[in-house]
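**Q** turn this into a structure:
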Amino acid sequence: MLSVESLQAHYGASQALFGVNLQVNAGEVVTLMGRNGMGKTTSINCIMGIIPTSAGQITWEDQVITNRPSYYIAQAGIGLVPEGRQIFPNLSVLENLIVAARAGPSDSDPWDSMRVFQMFPALAARRHGLGNLLSGGEQQMLAIGRALMTNPRLLILDEATEGLAPLVRQEIWSCLSRLKGDGLSILVIDKNVADLARVADRHFIIEKGETVWSGQSEALLASEDIKRRYLGI
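**A** Down below sits the predicted model:
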């Protein structure tokens, strides 16, 4: 579905990405890992058209989307749960969901507010509460629900469980497992290797803006050298 080849990007005169490669196939959960500041969020922002790509190619379902505008990429079927959640603080939970609503394929079970509330019962209880009154965990659930309301074929989560309590993290991982079971393709950034290994099919690690390793969960868990060298574990 998604192919990123030799991706490069700059912030002004400073080069941030030097050659990022990754692929996500239909129905897969794929991770993008690396230490802080290695280019994970920059890679996601290039995919989403938030920052320009200076070299390389991004292909979505056999269509080149390199440097296409963000609205085009969202309409093409890629949903983003951004780092820091970025919900609308002065809108209610329900309004945050409705503002992102986009019709899904006619032959599917589309995401709507009621389906999101079934996935996250805590949000149902707070549906009329303002976004800035939610806990961090509730805000992350809302950010995921908002992205699902676009009825994406690929869901991207940047720092899926950062700063969340352990019980909330487990709820997020359980959510991703259910979405995988429904056949949704997922690309996720996170630091919890053990949790990622349980839900993901393949992993890509970047170091200083370049893909340096890729493989399946079994290989990642078995390699103490890879985890120590690139993930600081």
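
**Q** list the helices and strands the helix or strand hosting residue 137 packs on?
**A** In this assignment (DSSP states H and E), residue 137 forms part of helix 136-148. Applying 3 or more CB pairs under 8 Å, 6 or more residues apart in numbering; DSSP states H and E, we find helix 136-148 packed against strand 78-81, helix 93-98, helix 113-119, helix 121-125, strand 154-157, helix 166-181. All C-beta atoms are positioned from the backbone trio N, CA, C, and that covers glycine.

**Q** ok, residue 182 - how many residues close by?
**A** 10 (other CB atoms under 10 Å).

**Q** list phi and psi for it.
**A** phi -80, psi 0 (degrees, to the nearest 10).

**Q** do residue 165 as well
**A** phi -70, psi 150.

**Q** these two touch, right, it and residue 137?
**A** Yes: using CB atoms under 8 Å, residue 165 is in contact with residue 137, at 6.4 Å.

**Q** between these two, who's got more neighbours?
**A** The neighbour comparison of residue 165 against residue 137 (other CB under 10 Å) goes to residue 137, with 19 against 12.

**Q** just the helices and strands packed on helix 136-148: most buried one?
**A** strand 78-81 (a mean of 26; mean count of other CB atoms under 10 Å).

**Q** in its sheet, what does that strand sit against?
**A** Strand pairing for strand 78-81, using DSSP bridges, gives strand 154-157 (parallel).

**Q** all helices for the protein, in order.
**A** Remark: helices assigned in the chain by DSSP state H are 40-47, 70-76, 93-98, 113-119, 121-125, 136-148, 166-181, 193-199, 217-222, 224-226.

**Q** can you list contacts of the shortest one?
**A** With CB atoms under 8 Å, 6 or more residues apart in numbering as the contact definition, helix 224-226 has outside contacts at 205, 213, 220.

**Q** off-centre distance for that helix?
**A** The chain centroid and the centroid of helix 224-226 are separated by 25 Å under CA atoms, centre = their mean, to the nearest Å.

**Q** with stretch 21-39 instead?
**A** Centre to centre, stretch against its chain (CA atoms, centre = their mean), the figure for stretch 21-39 is 9 Å.

**Q** what are the buried residues along it?
**A** Neighbour-count burial for stretch 21-39 flags 22, 23, 24, 28, 29, 30, 31, 32, 33, 34, 38, 39 (criterion: 16 or more other CB atoms under 10 Å).

**Q** now the fourth one: how far from residue 168?
**A** Read that as residue 28. 25 Å (CB to CB, to the nearest Å).

**Q** and which of the contacts of helix 224-226 is nearest to residue 197?
**A** Nearest to residue 197, judged by CB to CB, of those is residue 220 at 6.2 Å.

**Q** so that closest one sits against residue 201, correct?
**A** No: proximity of residue 220 to residue 201 does not meet the contact threshold set by CB under 8 Å, at 11.5 Å.

**Q** more neighbours: those two, which one.
**A** Neighbours were tallied for residue 220 and for residue 201 using other CB under 10 Å; the higher tally belongs to residue 220 (22 against 15).

**Q** quickly list what the spatially closest residue to that one that is not a sequence neighbour is bridged to.
**A** Distance criterion CB to CB, 6 or more residues apart in numbering; nearest residue to residue 220, sequence neighbours excluded, is residue 203 at 5.3 Å. Taking DSSP bridges as the rule, residue 203 bridges to residue 31, residue 215.

**Q** quick check: residue 203 touching residue 218?
**A** No: using CB under 8 Å, residue 203 is not in contact with residue 218, being 10.5 Å away.
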